[in-house]
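In: I need the structure of the sequence given here:
(2 chains)
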There are 2 protein chains.
Amino acid sequence: MKDSSEYLKKRAFYDSLLTIYGRKPVLEALEDPSLPVHKLHLASSNRRDQLISRMEALAEERQVEIAHWDRKGLSRISKNSRQDQGVALDLALPHYGTCEAFLRQYKNNSEKKPFELLALDGITNPQNLGMIIRSACAGGMDGIILPRKGCAQIDPLVIKASTGALFKTPILRCETLAKSLADFREAGARVCGLSSHAAMTLAEVSGEMPTIFVLGNETRGVSDTVAEQCNELLRIPMHNDVESLNVAVTAALISFRRQL
Amino acid sequence: MKDSSEYLKKRAFYDSLLTIYGRKPVLEALEDPSLPVHKLHLASSNRRDQLISRMEALAEERQVEIAHWDRKGLSRISKNSRQDQGVALDLALPHYGTCEAFLRQYKNNSEKKPFELLALDGITNPQNLGMIIRSACAGGMDGIILPRKGCAQIDPLVIKASTGALFKTPILRCETLAKSLADFREAGARVCGLSSHAAMTLAEVSGEMPTIFVLGNETRGVSDTVAEQCNELLRIPMHNDVESLNVAVTAALISFRRQL
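Out: Okay, the predicted model is just below:
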């Protein structure tokens, strides 16, 4: 039998790649020395203007590989041909991975220390996403589940709002959140959706089992298909008839709740 | 001796007035039926264009008094002749007052239940100010000290970000924060400044005495003159070498710390 460790190592590396696209985001990322840039992708159809030349020069300076593709090849990499403007960039984030890999590792680990994750269901504001990452990281959460669709994606604005925390927090990607939450439940995790109308409160959640806290959209809350996967709905008790908190504030209260 | 109760009632009413200015903010406030509008002020030098006509029509519709002033008179009301664009609007907020009035009431109250306030030292981002008000209100803080200078002031953007909480939270105005904190200390309150470099942590603060938590500027933190008035400096312990939290998140962690 062939040794699969080399293959798995490679796969883990590719799982850690975050691809951003669009001329301004890519240029800004290349200009930021703190970002671990892996590879620059350019469509051969690009007109060689000043911006493209600047990207090439920066990539050379940073010894970053440049790959050239036809238009179709590039859109396969950016996964967004409408907005990529012919450029994409891979960032190699050390803690960027998938729900699958996280669960695999958890199952293989004999210790089974209960983890706590945040899961984002339709968080669309990049500023909020960045603040959530920053608070979850500072509060010591074990990771953030970020579905590929329906949420703000990690772009330079989010990286900025996270003030560096993005590079220290496991970001677990998945295709659809409901499916992924089902996998986590199967592995023994409890899934708690935050909802201002819930009967149970956050303080009633014990810390003995692996738990995922689901944060819903800024105005609509947790979606129906995701709510179906929740074992519990929770609220944070509020004074003065305030109905809801900013979602990044909610993330912080969850993350810090045992340390205040 | 003349009865001063009528005078004091009037003074309390005038203390509760928040004056906003500028054509767009004033128009937006007039268009928002949830805002308790008291009086519209117009400079007689204004050209009668569509915007001014619209404001007058809205004020009439809402039965709001309109006062006309010469340019100088109007700038005395707006306190910002550069940006008022010839219009100002008084909002009558039920919980808008002064540090002086708050302290007077505390001293006259025989019960002396320990209060908890947030004090803002150079918070310049209106979005943050709105989120701080929302979190403090939901967390049950007794009020927010907002100096007239050096902080974002309450404008329609802040009102929006506070999602209505502004009308339920005592906002205590003062001229300079350091002076006001000295008055609070004299009355027996403890003043705690938040600082990421402090030795003491938030969890070590007991709830037995009236306490003011001072939140500093988004990048520079608490200013030197204000730090001099602090009995203690506090930090919120953080994981993963994160250096600081968003100031609105910090406000939320303080406000909710006993309820999670």
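
In: contacts, neighbours, all on C-alpha from now
Out: Fine.

In: quick check: phi and psi on the closest residue to A:Leu58 other than its chain neighbours?
Out: Using C-alpha to C-alpha, 6 or more residues apart in numbering or on different chains and skipping the chain neighbours, the partner closest in space to A:Leu58 is A:Leu30 (6.4 Å). Phi and psi for A:Leu30, reported as degrees, to the nearest 10, are phi -70, psi -30.

In: so how many other residues sit close to A:Leu30?
Out: 25 (other C-alpha atoms under 10 Å in any protein chain shown).

In: neighbours around whichever residue of the stretch 1-150 of chain A sits closest to chain B, how many?
Out: At 4.7 Å from chain B, A:Ala138 is the closest residue in the stretch 1-150 of chain A, using C-alpha to the nearest C-alpha. Applying other C-alpha under 10 Å, we find 25 residues neighbouring A:Ala138.

In: do the one 3 residues further on as well
Out: A count of neighbours around A:Met141, defined by other C-alpha under 10 Å, yields 22.

In: picking that back up, how would you label the residue of the stretch 1-150 of chain A closest to chain B: helix, strand or coil?
Out: helix (DSSP: H, G, I helix; E, B strand; the rest coil).

In: now the host helix or strand of A:Ala252: mean pLDDT?
Out: Here A:Ala252 is covered by helix A:247-256, with elements defined by DSSP states H and E. Averaged across helix A:247-256, the pLDDT comes to 97.

In: and what of stretch A:137-154?
Out: 93.

In: cool, and stretch A:189-196?
Out: Mean predicted confidence for stretch A:189-196 is 96.

In: who in the stretch 51-200 of chain A is up against chain B?
Out: A:131, A:134-135, A:137-140, A:165, A:168 (C-alpha under 8 Å from any C-alpha of the partner chain).

In: tell me where the model's unsure across the stretch 51-200 of chain A.
Out: Within the stretch 51-200 of chain A, the ranges that satisfy pLDDT under 70 run A:156.

In: dump the residue contacts of A:Ser4.
Out: A:Ser4 makes contact with no residue, according to C-alpha atoms under 8 Å, 6 or more residues apart in numbering or on different chains.

In: from A:Ser110, how far out is it?
Out: Remark: distance between A:Ser4 and A:Ser110 (C-alpha to C-alpha, to the nearest Å) = 22 Å.

In: same question for A:Val242.
Out: 44 Å.

In: looking at those two, which is more packed in?
Out: Per other C-alpha under 10 Å, whichever of A:Val242 and A:Ser110 has more neighbours is A:Val242, with 19 against 8.

In: which stretches in the stretch 1-150 of chain A count as helices?
Out: Taking DSSP state H, counting those that start in this stretch as the test, the helices found in the stretch 1-150 of chain A are A:5-15, A:23-31, A:50-61, A:71-78, A:99-108, A:126-139.

In: orientation of the first one relative to helix A:99-108 in degrees?
Out: By that I understand helix A:5-15. 130 degrees (axes from the mean of the first three to the mean of the last three C-alpha atoms, to 10 degrees).

In: could you do the fourth one as well?
Out: Put simply, helix A:71-78 runs at 40 degrees to helix A:99-108, going by the same axes, to 10 degrees.

In: what does helix A:71-78 rub up against?
Out: A:19-21, A:41-45, A:81, A:84, A:86-88.

In: picking up where we left off before, hmm, the residue nearest to A:Leu58 is touching A:Glu60, no?
Out: No: under the criterion of C-alpha atoms under 8 Å, A:Leu30 is not in contact with A:Glu60, lying 10.4 Å apart.
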